[in-house]
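Student: Sharing a model prediction with you, sequence too.
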Amino acid sequence: MAEEKQMNCIFCDIVAGRAVSHKIYEDELSLCILDINPFSRGHCLAIPKRHVPWWHELTEEENASLFRVAKVVAEKMMRSLEPDFVCMYARGRRIPHTHIFLVPTYKGECWTGSSTPWSCSRSPRRSSWSYVKENPRKKRLRF
(Lines give C-alpha, C1' and ligand atoms only; values in the text may rest on other atoms or scores of the structure.)
Protein backbone atom coordinates (compact mmCIF):
# COMPACT_ATOMS: atom_id res chain seq x y z
CA MET A 1 0.00 0.00 0.00
CA ALA A 2 2.80 2.44 0.80
CA GLU A 3 4.03 2.48 -2.79
CA GLU A 4 0.57 3.66 -3.88
CA LYS A 5 0.49 6.65 -1.49
CA GLN A 6 0.48 9.98 -3.25
CA MET A 7 2.08 13.17 -1.99
CA ASN A 8 -0.42 15.59 -0.44
CA CYS A 9 -3.38 13.21 -0.53
CA ILE A 10 -5.55 13.90 2.50
CA PHE A 11 -7.17 10.47 2.29
CA CYS A 12 -3.77 8.73 2.27
CA ASP A 13 -2.85 10.83 5.32
CA ILE A 14 -6.07 9.77 7.07
CA VAL A 15 -5.44 6.08 6.25
CA ALA A 16 -1.86 6.39 7.59
CA GLY A 17 -3.03 8.14 10.77
CA ARG A 18 -1.25 11.41 9.92
CA ALA A 19 -4.49 13.40 9.60
CA VAL A 20 -7.40 13.57 12.00
CA SER A 21 -10.76 12.12 11.00
CA HIS A 22 -13.82 10.67 12.61
CA LYS A 23 -13.93 7.04 11.52
CA ILE A 24 -17.36 5.51 11.35
CA TYR A 25 -16.43 2.02 10.18
CA GLU A 26 -13.52 0.18 8.59
CA ASP A 27 -12.37 -3.19 7.39
CA GLU A 28 -9.00 -4.40 6.12
CA LEU A 29 -9.19 -2.58 2.75
CA SER A 30 -11.59 0.36 3.22
CA LEU A 31 -12.84 2.85 5.76
CA CYS A 32 -15.66 5.31 6.18
CA ILE A 33 -15.28 8.77 7.72
CA LEU A 34 -17.53 11.76 8.36
CA ASP A 35 -17.19 14.45 5.69
CA ILE A 36 -15.87 17.75 7.09
CA ASN A 37 -18.01 19.74 4.61
CA PRO A 38 -21.28 17.82 4.66
CA PHE A 39 -24.25 18.21 2.34
CA SER A 40 -26.41 16.97 5.23
CA ARG A 41 -25.92 15.80 8.80
CA GLY A 42 -24.25 12.41 8.75
CA HIS A 43 -22.68 12.79 5.26
CA CYS A 44 -19.83 10.27 5.10
CA LEU A 45 -17.10 9.25 2.69
CA ALA A 46 -16.15 5.62 2.08
CA ILE A 47 -12.57 5.36 0.83
CA PRO A 48 -10.22 2.53 -0.11
CA LYS A 49 -7.04 2.36 1.95
CA ARG A 50 -4.92 2.12 -1.19
CA HIS A 51 -4.53 5.27 -3.28
CA VAL A 52 -6.47 4.69 -6.50
CA PRO A 53 -7.98 7.62 -8.43
CA TRP A 54 -11.06 5.86 -9.85
CA TRP A 55 -13.25 3.14 -8.34
CA HIS A 56 -13.15 1.02 -11.50
CA GLU A 57 -9.34 0.79 -11.10
CA LEU A 58 -9.65 -0.99 -7.75
CA THR A 59 -9.03 -4.72 -7.55
CA GLU A 60 -12.16 -6.88 -7.30
CA GLU A 61 -11.43 -7.44 -3.61
CA GLU A 62 -10.98 -3.69 -2.96
CA ASN A 63 -14.12 -2.85 -4.92
CA ALA A 64 -16.15 -5.41 -2.98
CA SER A 65 -14.77 -4.04 0.30
CA LEU A 66 -15.49 -0.42 -0.61
CA PHE A 67 -19.09 -1.06 -1.60
CA ARG A 68 -19.61 -3.41 1.38
CA VAL A 69 -18.39 -0.68 3.77
CA ALA A 70 -20.66 1.84 2.01
CA LYS A 71 -23.64 -0.53 2.40
CA VAL A 72 -22.96 -1.22 6.09
CA VAL A 73 -22.71 2.49 6.87
CA ALA A 74 -25.79 3.37 4.77
CA GLU A 75 -27.80 0.76 6.68
CA LYS A 76 -26.58 2.23 9.98
CA MET A 77 -27.51 5.72 8.74
CA MET A 78 -31.03 4.55 7.91
CA ARG A 79 -31.48 3.19 11.44
CA SER A 80 -29.76 6.02 13.33
CA LEU A 81 -30.52 9.16 11.34
CA GLU A 82 -33.82 8.07 9.74
CA PRO A 83 -33.37 9.86 6.39
CA ASP A 84 -35.72 9.23 3.47
CA PHE A 85 -32.81 7.56 1.66
CA VAL A 86 -29.01 7.61 1.43
CA CYS A 87 -27.67 9.01 -1.82
CA MET A 88 -24.47 7.37 -3.03
CA TYR A 89 -22.08 8.43 -5.76
CA ALA A 90 -18.40 7.85 -6.49
CA ARG A 91 -15.91 10.68 -6.81
CA GLY A 92 -12.20 11.07 -7.44
CA ARG A 93 -11.76 14.27 -9.41
CA ARG A 94 -11.06 17.06 -6.88
CA ILE A 95 -9.23 14.68 -4.56
CA PRO A 96 -7.80 12.02 -6.88
CA HIS A 97 -8.36 9.17 -4.41
CA THR A 98 -11.55 7.18 -4.97
CA HIS A 99 -14.27 8.10 -2.51
CA ILE A 100 -17.94 7.32 -2.30
CA PHE A 101 -20.24 10.00 -0.96
CA LEU A 102 -22.94 8.65 1.37
CA VAL A 103 -25.40 11.48 1.91
CA PRO A 104 -28.44 11.01 4.15
CA THR A 105 -31.25 12.79 2.31
CA TYR A 106 -34.32 14.26 3.91
CA LYS A 107 -37.64 15.50 2.53
CA GLY A 108 -37.48 19.14 1.54
CA GLU A 109 -33.79 19.29 0.71
CA CYS A 110 -33.02 20.97 -2.59
CA TRP A 111 -31.69 17.84 -4.29
CA THR A 112 -34.29 15.24 -3.38
CA GLY A 113 -35.74 15.59 -6.89
CA SER A 114 -33.75 15.77 -10.08
CA SER A 115 -31.00 18.06 -8.74
CA THR A 116 -27.65 16.76 -7.60
CA PRO A 117 -25.83 17.82 -4.43
CA TRP A 118 -23.09 19.65 -6.30
CA SER A 119 -25.68 21.81 -8.08
CA CYS A 120 -27.29 23.00 -4.84
CA SER A 121 -26.02 25.97 -2.93
CA ARG A 122 -24.76 24.74 0.37
CA SER A 123 -26.37 26.31 3.37
CA PRO A 124 -23.99 27.10 6.20
CA ARG A 125 -24.20 23.96 8.34
CA ARG A 126 -22.06 22.73 11.11
CA SER A 127 -20.14 19.71 10.03
CA SER A 128 -21.28 16.32 11.24
CA TRP A 129 -17.83 15.86 12.67
CA SER A 130 -18.04 18.99 14.85
CA TYR A 131 -21.53 17.89 15.98
CA VAL A 132 -20.12 14.53 17.10
CA LYS A 133 -17.24 16.20 18.95
CA GLU A 134 -19.63 18.63 20.68
CA ASN A 135 -22.26 15.96 21.49
CA PRO A 136 -20.41 12.68 21.97
CA ARG A 137 -23.32 10.96 23.72
CA LYS A 138 -26.09 11.94 21.28
CA LYS A 139 -27.73 8.81 19.91
CA ARG A 140 -28.73 10.20 16.50
CA LEU A 141 -25.18 10.31 15.11
CA ARG A 142 -23.96 7.07 16.62
CA PHE A 143 -23.56 4.51 13.90
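Tutor: Perfect, I can see it now.
Student: where are the low-confidence patches of the chain?
Tutor: Scanning the chain with the threshold set as pLDDT under 70 gives 1-7, 92, 109-143.
Student: Quick one: the strands in it, in order.
Tutor: 23-26, 30-34, 44-48, 85-91, 99-105 (DSSP state E).
Student: So in this structure, which helix runs the longest?
Tutor: Scanning the chain for the longest helix, with DSSP state H as the assignment, gives helix 60-80.
Student: What is that one packed up against?
Tutor: Using 3 or more CB pairs under 8 Å, 6 or more residues apart in numbering; DSSP states H and E, the elements in contact with helix 60-80 are strand 23-26, strand 30-34, strand 44-48, strand 85-91, strand 99-105. Where you see a C-beta, it was placed from the backbone N, CA and C, and this is true even at glycine.
Student: Tell me the buried residues in that helix?
Tutor: For helix 60-80, a neighbour-count test (16 or more other CB atoms under 10 Å) marks 62-63, 65-67, 69-70, 72-74, 76-77 as buried.
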